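Trainee: Dropping a prediction and its sequence here:
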Amino acid sequence: MAIKIICVIDNAVKEQSGLLGEHGLSFWIETDHGNLLFDTGQSEAVLAHNMKMLGLHPEDVDALALSHAHYDHTGGLNSILSKNPGVALYAHTDIFQARYSLRHGKYTSIGLEEKHIEPMQKANLQLSDQPLEILPGLWMTGEITERPEPQGSSAHHFIRTPEGWQHDPYRDDISLVLKRKQGLVVICGCCHAGILNTLQHVKRVFHEPVLTIVGGTHLVGADEAYLEHVVSVFQADYAQTDFYLNHCTGDSAFQLLLSRLGSRVKSFPAGSVLEV
């Protein structure tokens with residue numbers, strides 16, 4: 001049976017779909033062994049609306065996974081947890097670390113909202129910094145520990161430590177890996193760890209070719225030189241890979257990848273369905 005990956009929330013939506021767009025991301029992954037919701041977008045209202053329009057129900061979520069703690073990936077949590085409070089919830093061990101954005105001299109919270117903490121703690125929490133199988137053949141990557149390539153970072157992102165304010169190391173950033181007979185499907189939330197670092201980690205851990213990459217690659221702030229480097233790596237090491245990109249990939253990066261890699265690059269707005 002084919003596995004379905006449905007984009008529930010993205011910055012963009014398919015035309016005439018009736019779905020709502022917002023700066024955020026959420027994927028519904030439907031398998032023979034259950035349904036997984038990966039991230040929950042920015043708001044409960046948009047998640048609830050889009051799931052209803054797509055015929056998806058919170059009670060049918062067998063597992064919930066979070067790519068990292070930022071509000072645009074966790075904001076809709078209570079839309080699920082209020083109706084499915086005992087759901088298995090997978091994330092990195094650092095998910096509860098408070099995260100901030102520094103703008104105009106002021107630190108503003110951009111991590112988990114306080115209202116989500118208690119419902120999350122009442123769920124069946126499965127926190128790990130190691131690769132972990134969520135459903136048969138569907139894994140979380142664990143922490144991307146080796147990061148020789150640039151991260152998908154922002155100079156404005158900080159955490160507070162006993163030593164004071166420090167730039168966010170994005171330890172909690174994880175992706176999902178779907179194992180198929182022919183190879184791997186990598187499903188990215190935001191790739192703050194860096195898309196090339198994430199892919200190298202996946203190759204080290206799973207020892208199989210990457211056939212498909214889905215989601216946000218956080219190339220939105222990449223300069224021209226780094227984008228050219230990413231393209232060259234994709235051309236050399238991922239010559240047979242298909243790309244279904246959205247969220248934080250950025251228009252410039254998407255257009256460059258499309259021009260260089262051709263029909264292997266596709267947009268994946270809310271309402272899109274990929275059968276693997």
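Mentor: Happy to help now that I have it. Note that the coordinates shown come from a computational prediction; the quantities given were computed from them, not determined experimentally.
Trainee: Check what pLDDT the closest residue to residue 57 other than its chain neighbours gets.
Mentor: Computed as C-beta to C-beta, 6 or more residues apart in numbering, the closest residue to residue 57 that is not its neighbour in sequence is residue 51, at 7.0 Å. Any C-beta I mention is one placed from the backbone N, CA and C, and that applies to glycine too. Residue 51 is assigned 98 on the pLDDT scale.
Trainee: Isn't residue 51 up against residue 60?
Mentor: No - with contact defined as C-beta atoms under 8 Å, residue 51 does not count as touching residue 60 (9.6 Å).
Trainee: out of these two, which sits in the busier spot?
Mentor: Taking neighbours as other C-beta atoms under 10 Å, residue 51 and residue 60 compare with residue 51 leading, 26 against 14.
Trainee: who's in contact with that one?
Mentor: 8, 28, 57, 58, 79 (C-beta atoms under 8 Å, 6 or more residues apart in numbering).
Trainee: which one among the residues you listed gets closest to residue 137?
Mentor: Using C-beta to C-beta, the shortest approach to residue 137 within the contacts of residue 51 belongs to residue 28, at 16.5 Å.
Trainee: following the helix or strand hosting residue 184, which helix or strand comes up?
Mentor: Here residue 184, judged by DSSP states H and E, is contained in strand 183-188. Next helix or strand after strand 183-188 toward the C-terminus (DSSP H and E): helix 195-206.
Trainee: How far off centre is that next one?
Mentor: 15 Å (C-alpha atoms, centre = their mean, to the nearest Å).
Trainee: now swap in stretch 236-250 and tell me
Mentor: 14 Å.
Trainee: Flag every buried residue along that stretch.
Mentor: Neighbour-count burial for stretch 236-250 flags 238, 241, 242, 243, 244, 245, 246, 247, 248, 249, 250 (criterion: 16 or more other C-beta atoms under 10 Å).
Trainee: burial count for the closest residue to the first one other than its chain neighbours?
Mentor: Distance criterion C-beta to C-beta, 6+ apart; nearest residue to residue 238, sequence neighbours excluded, is residue 210 at 6.1 Å. The local packing of residue 210 (other C-beta under 10 Å) involves 19 other residues.
Trainee: contact partners of the strand holding residue 184?
Mentor: 5, 27, 29, 38, 67, 175-178, 195, 198-199, 202, 206, 208-217, 276.
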